[in-house]
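Undergrad: Quick one, structure for this:
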Amino acid sequence: MASLHAFDPAAVVAVLPSDHVIDRPQRFRTVLIAATAAAEAGHIVIVGIEPNAPETGFGWIKAGAKLELDAPADVFAVERFIEKPKREVAEKMAGAGGHYWNAGMFVWRGRTVLDAYREHLPRTAKAIDALQEAHDTERYEAVLSEVWEETDRTTIDYGIAEKAKNVAVVPADIGWHDVGTWTRLAEIVGRGNADTVEVGSEGVYTWAPGKVVSLVGVHDLIVVDTPDALLIAAKDRSEDVKEVVDRLRQEGREDLL
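TA: Presented below is the predicted three-dimensional model:
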């Protein structure tokens, strides 16, 4: 951000995580054009994914009033954020409409988000200013090392998006998949890579390179075999793998993490 702002303070920047799959790229382009229009009008814009399930592993966004913009898709002010809700809450939001998954995709003008940093995360803003001064010099890497530990220890979501008053959301029905769980991966690629023998079984994703996996009378499972660990999980509980990670960490099993 420091380098981009030093290069062009008026630039509009899209922050797009790499571990996503988008099935409708043309629609995604339209969403980004609308988000750019909102960013040029001074908003910090989030791409809000149209929900197709009551997901509890994502943060949610509730849309407020529609913004009057010359844009090819609707853009709304953000009314509030809901962080990883309980299932009954997620079910209500999915059914109510006007609620979207927060996929961590942002569009903003550089100077707009830097103003937000100065208001809400001043330590990080100070670090960015120092990096701007060092931009395109031999000092840049050294300055980065110096200021990194002085930044605010939070994310853009908690530190800025949930505090700023100029946050907007563009609803996006773009065939989006977050490849953050084994269930998500199974939805995208299908059955997995293992040589399987299935008897009265269906909906099982298997990852066991070089092995034959026999499945008898089981349904909707994730089976992942690696040299040092075996994971078997119900597809609708794949988000809970993080609890296994927490348990292993508590038990000092860092060798498996």
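Undergrad: Name the SS class of Ala65, please.
TA: strand (DSSP: H, G, I helix; E, B strand; the rest coil).
Undergrad: Report the buried residues of the strand or helix carrying Glu88.
TA: Taking DSSP states H and E as the criterion, the element that holds Glu88 is helix 87-96. Neighbour-count burial for helix 87-96, counted by 16 or more other CB atoms under 10 Å, picks out Ala90, Met93, Ala94. (C-beta placed from N, C-alpha, C; glycine too.)
Undergrad: Export only the CA atoms of that helix, formatted as CSV.
TA: The C-alpha coordinates for helix 87-96 follow below in CSV (Å, rounded to 0.1, in the frame of the first residue of the first chain):
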residue,chain,number,x,y,z
ARG,A,87,-26.0,-21.9,12.9
GLU,A,88,-29.5,-20.6,13.9
VAL,A,89,-28.4,-17.1,13.3
ALA,A,90,-26.8,-18.0,10.0
GLU,A,91,-30.0,-19.7,8.9
LYS,A,92,-32.1,-16.6,9.7
MET,A,93,-29.7,-14.3,7.8
ALA,A,94,-29.6,-16.7,4.8
GLY,A,95,-33.4,-16.7,4.6
ALA,A,96,-33.9,-13.0,5.2
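Undergrad: Name the next helix or strand following that helix along the chain.
TA: Sequence order places strand 99-109 as the next helix or strand after helix 87-96, per DSSP H and E.
Undergrad: Can you spell out which helices and strands pack onto that next one?
TA: Other elements packing on strand 99-109 under the criterion 3 or more CB pairs under 8 Å, 6 or more residues apart in numbering; DSSP states H and E are strand 12-15, helix 25-40, strand 44-49, strand 59-66, strand 167-172.
Undergrad: To Ala142, which of these lies closest?
TA: Ala142 lies closest to strand 12-15 among these, at 25.0 Å (CB to CB).
Undergrad: The following helix or strand past the closest one packs against which elements?
TA: Using DSSP H and E, the helix or strand that follows strand 12-15 in sequence is strand 20-22. Strand 20-22 is packed against strand 176-178, with contacts defined by 3+ CB pairs under 8 Å, 6+ apart.
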